[in-house]
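Asker: Using only what follows, build the 3D model:
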Amino acid sequence: MPETLSEKNKLGLWTSTSLVIGNMIGAGIFLMPAAMASFGSIGLLGWVFSAIGSFFLAKVFSNLSKLLPHATGGPYAYTRDGLGDFIGFLVAWGYYLAVACANAAITISFVSALSTFFPVLGSSSFIAVATGLCSIWLLAYINTLGVVAGGKLQLVTTILKVLPLLLVAIGGLFFIKAANFSPFNTSGSGIISALQATATMTMFAFIGIESATVPSGSVANPEKTVARATMLGLLITTFIYILGSVSVIGIIPAAQLQKSLTPYADTAVIIYGSNARYWVSAGIAIAAFGSLNGWTLLQGQVPYAISKDKLFPPIFSRTNKKGVPYMGIIISSIMVSLFMTMNYTKGLVAQFKFLLLLSLLSVLIPYLLSAAAYLVIRVRKTPQAGGWAGAIMLAILAFGYSLWAIAGAGQEAVYYGFLLLLAGIPFYVWAAFRKKAE
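Answerer: Below you'll find the model as predicted:
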């Protein structure tokens, strides 16, 4: 966004932090304890492992935000600055499509969560699609009103989605039964294999850790705010994830938990009574809605940053009087609407799932390359600074964790993800010729 925006029209610490928390905590976290129940309580170590790896990434993004405080675009801006136009473009191309696919999936989760209160959404594809489209375009409209409008909504939805999770996480500590934590490993494999499997599952819950870096140009005092928001968002989210898992696993026996379709709601009923199921279900819907809002804000910022660098069509760099890249939001919302509708269209469901598989790697690659770009940018920006041993170690650990995460995504995701990135090369060649001609 234009640097001329006044401070009151920019995101502050708490709205930036809510963007990180809100984008990481989606509807899926409410199902995670059941998905991991078959492994035993070793799953808690999987959360810890993922949190540690995510800490290295968060620290890299935090440091990069200090080195390039006004670089709108997050991972794209960092990789382009450190590794050049081509690598930056590939990161942005994949990330942009991945966000569109993710938003479609989040919209489907939101509609599914609402079906608890409106059963017709589960039986009528037409009404489900209409509800999904209304939510997509409502949030698109809100985010064209200014980054502060989207930020305030994000703060409210983040608080509302975190509350039921905290009520279960903290209230559940008084109902835990130690016997439910044993046996420690029920996966049927060794501890290392079980730890790797659970850490692979949990690492996807930390995707979105870079969210505060993407709209850096629209953040007040970005050299301090973005770094603080990234680390604070990670700490709060990790606390909620681990403490919530401890309570759910400690209250519901593993055999019962594996069969649960609503583990957090089932736990809340034990703690607070039967009515608790409804406010947890409401929390799931709000979690999806808030996550969709946060990613909608980013889906305008990323193509705006690429277009401003003349690596994307100029239409994406158009802004309204509020300084919002509205054309990017509109075009992205059209894509999200199409992807979401595919899921409810017979014959296209498989294609939609395939798109999600394609996009998975495109979310992880920016983490890997941002870690690589970190040292390059640090050498150029602060060549006389000390602490190089720590910086090198941080980059290696963040790069290694990202590489491990990519391997954990599976062979099929890696194969098709690279094909998706390669598909962007003709667009880069076109942009390069256009840029040279100008």
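
Asker: measure residue 176 to residue 53 for me?
Answerer: In this view, residue 176 and residue 53 are 27 Å apart by Cβ to Cβ, to the nearest Å. C-beta here means a position set from N, CA and C on the backbone, and glycine is covered the same way.

Asker: Which of the two has more residues huddled nearby?
Answerer: Counted by other Cβ atoms under 10 Å, residue 176 and residue 53 do not tie: residue 53 has more neighbours, with 22 against 15.

Asker: and the more buried one, what does it touch?
Answerer: Applying Cβ atoms under 8 Å, 6 or more residues apart in numbering, we find residue 53 in contact with 199, 203, 206, 397, 401, 404-405.

Asker: and residue 100, what helix or strand is that in?
Answerer: In the assignment (DSSP states H and E), residue 100 maps to helix 85-114.

Asker: Over to residue 312?
Answerer: Here residue 312 is covered by no helix or strand, with elements defined by DSSP H and E.

Asker: hmm, back to that, what about the contacts of residue 53, which are in strands?
Answerer: Residues from these lying in strands, with DSSP state E as the criterion: none.

Asker: circling back to that earlier point, from the chain's centre, how far out does the helix holding residue 100 sit?
Answerer: 9 Å (Cα atoms, centre = their mean, to the nearest Å).

Asker: Against which helices or strands is that helix packed?
Answerer: When contacts are defined as 3 or more Cβ pairs under 8 Å, 6 or more residues apart in numbering; DSSP states H and E, helix 85-114 sits against helix 75-83, helix 120-123, helix 125-144, helix 276-308, helix 326-343, helix 349-381, helix 411-423, helix 425-437.

Asker: Low-confidence stretches in the chain?
Answerer: Applying pLDDT under 70 to the predicted model, the residue ranges of the chain that meet it are 1-8, 347-349, 351-353, 355-358.

Asker: For the contacts of residue 53, give me a markdown table that also has neighbour count.
Answerer: Output for the contacts of residue 53, formatted as a markdown table (neighbours: other Cβ atoms under 10 Å):
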| residue | neighbour count |
| --- | --- |
| 199 | 23 |
| 203 | 23 |
| 206 | 22 |
| 397 | 18 |
| 401 | 24 |
| 404 | 16 |
| 405 | 24 |
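
Asker: Okay, now stretch 210-220: how far is its last residue from its first?
Answerer: 17 Å (Cα to Cα, to the nearest Å).

Asker: related to what we said a few turns ago, among the contacts of residue 53, which are in helices?
Answerer: Secondary structure defined by DSSP state H assigns 199, 203, 397, 401, 404-405 of the contacts of residue 53 to helices.

Asker: Specify which member of those is nearest to residue 148.
Answerer: Using Cβ to Cβ, residue 203 comes nearest to residue 148 of the ones in helices among the contacts of residue 53, at 31.9 Å.

Asker: So the nearest residue to the closest one once chain neighbours are set aside versus residue 285, what's the distance?
Answerer: The shortest distance from residue 203 to any residue that is not its chain neighbour, by Cβ to Cβ, 6 or more residues apart in numbering, is 4.5 Å, and that residue is residue 50. Using Cβ to Cβ, we find residue 50 at a distance of 25 Å from residue 285.

Asker: Same question for residue 158.
Answerer: When Cβ to Cβ is applied, the distance between residue 158 and residue 285 equals 14 Å.

Asker: Which of these two has more residues huddled nearby?
Answerer: Regarding residue 158 and residue 285, a neighbour count based on other Cβ under 10 Å identifies residue 158 as having more, with 29 against 21.

Asker: What helix or strand is the more buried one located in?
Answerer: Here residue 158, judged by DSSP H and E, is contained in helix 147-171.

Asker: Run the angle between that helix and helix 125-144 for me.
Answerer: Counting by axes from the mean of the first three to the mean of the last three Cα atoms, to 10 degrees, helix 147-171 points 120 degrees away from the direction of helix 125-144.

Asker: Return the distance of helix 147-171 from the chain's centre.
Answerer: That offset, for helix 147-171, works out to 15 Å (Cα atoms, centre = their mean).

Asker: and it, what does it pack onto?
Answerer: With contacts defined as 3+ Cβ pairs under 8 Å, 6+ apart, the packing partners of helix 147-171 are helix 13-24, helix 125-144, helix 222-251, helix 263-272, helix 276-308.

Asker: hang on, the earlier thing: so for residue 218, which of the helices and strands packed on helix 85-114 sits nearest?
Answerer: Nearest to residue 218, of all the helices and strands packed on helix 85-114, is helix 276-308, at 7.6 Å by Cβ to Cβ.

Asker: How about that closest one, which residues are buried there?
Answerer: Within helix 276-308, the residues that count as buried by 16 or more other Cβ atoms under 10 Å are 276-277, 279-308.

Asker: nearest to residue 381, of the helices and strands packed on helix 147-171?
Answerer: Short answer: helix 222-251, nearest of those by Cβ to Cβ, at 12.0 Å.

Asker: Tell me the helices and strands packed up against the closest one.
Answerer: Taking 3+ Cβ pairs under 8 Å, 6+ apart as contact, the helices and strands that helix 222-251 lies on are helix 13-24, helix 32-36, helix 43-67, helix 147-171, helix 263-272.

Asker: Thank you, goodbye.
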